[in-house]
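In: Predicted model, plus sequence, below.
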Amino acid sequence: MPYTATRCMIGDAFMKQREQNESRRPTAADPRVRSVAPDGSVRLKVFYKLLPRISTFFRRRRMMRLVKIIKMKPGMRVLDLGGTPMIWEHVSVPLEITLMNLPGAISPGMSVILQSPRLRHHTFHAVEGDACNVIQLSDHSFDVVFSNSV
């Protein structure tokens, strides 16, 4: 058998054995997988402490820009693909909002969130469906289609 063929067979056997060993080991125990920051990292703690405020700032700014560009009027019908109600708390114009999410993605606690004083001026409907195939919705049934995640 030529040297290269033997070398490939040994290499293949080695890789197969390595894969079997790694499949038994939890990912966290793999020495190649490291935390983004060491335990007790001050930077990580500061990041997570500031994240809600920073997110709120940018979300508010984004939604104010949307209202201005679209020239939203009270009662406009909005389809929010993959949406949650929280982003709409930054829109003061009362809207009729349909939140479409994949089956099982609508949390049981969403009805509690919808009762928030910051959201009561909107009318919400939650439907399950796939944003790539919205055949259950009739044509021209919405004035605006929105997705924060695109």
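Out: Sure, I can see it. Computed from a predicted model, the values in this text were never measured in an experiment. Residues are numbered from 1 along each chain as shown.

In: low-confidence ranges in this structure?
Out: 1-39, 150 (pLDDT under 70).

In: all strands of this protein, in order?
Out: 77-81, 96-101, 123-128, 144-146 (DSSP state E).

In: which one of those strands lies closest to residue 71?
Out: Among the strands of the chain, the nearest to residue 71 by CB to CB is strand 144-146 (10.3 Å). For the C-beta atoms, the positions are set from N, CA and C on the backbone; glycine is no exception.

In: related to what we said a few turns ago, now the strands of the chain in CSV, with mean neighbour count?
Out: Listed next are the strands of the chain as CSV, based on neighbours: other CB atoms under 10 Å:
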stretch, mean neighbour count
strand 77-81, 21
strand 96-101, 21
strand 123-128, 15
strand 144-146, 16
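
In: Turn these into CSV, columns for distance to residue 41.
Out: Shown next, in CSV, are the strands of the chain (distance: least, CB to CB, whole Å):
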stretch, distance to residue 41
strand 77-81, 35
strand 96-101, 34
strand 123-128, 38
strand 144-146, 36
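
In: okay, the angle between the longest helix anywhere in the chain and strand 77-81?
Out: Counting residues, the longest helix in the chain under DSSP state H turns out to be helix 42-70. Counting by axes from the mean of the first three to the mean of the last three CA atoms, to 10 degrees, helix 42-70 points 150 degrees away from the direction of strand 77-81.

In: so how far is helix 42-70 off the chain centroid?
Out: Computed by CA atoms, centre = their mean, to the nearest Å, the chain-centroid distance of helix 42-70 equals 15 Å.

In: Flag every buried residue along that helix.
Out: For helix 42-70, burial by neighbour count (16 or more other CB atoms under 10 Å) applies to 63, 66.

In: Show me what that helix is packed up against.
Out: Applying 3 or more CB pairs under 8 Å, 6 or more residues apart in numbering; DSSP states H and E, one finds that helix 42-70 makes contact with no other helix or strand.

In: sorry, back to before: of all the strands of the chain, which one comes closest to residue 70?
Out: So among these, strand 144-146 is nearest, using CB to CB, at 5.8 Å.

In: Which strands and helices lie in contact with the closest one?
Out: strand 77-81.

In: And the strands of the chain: which comes nearest residue 57?
Out: With CB to CB, the closest approach to residue 57 among these belongs to strand 144-146: 19.5 Å.
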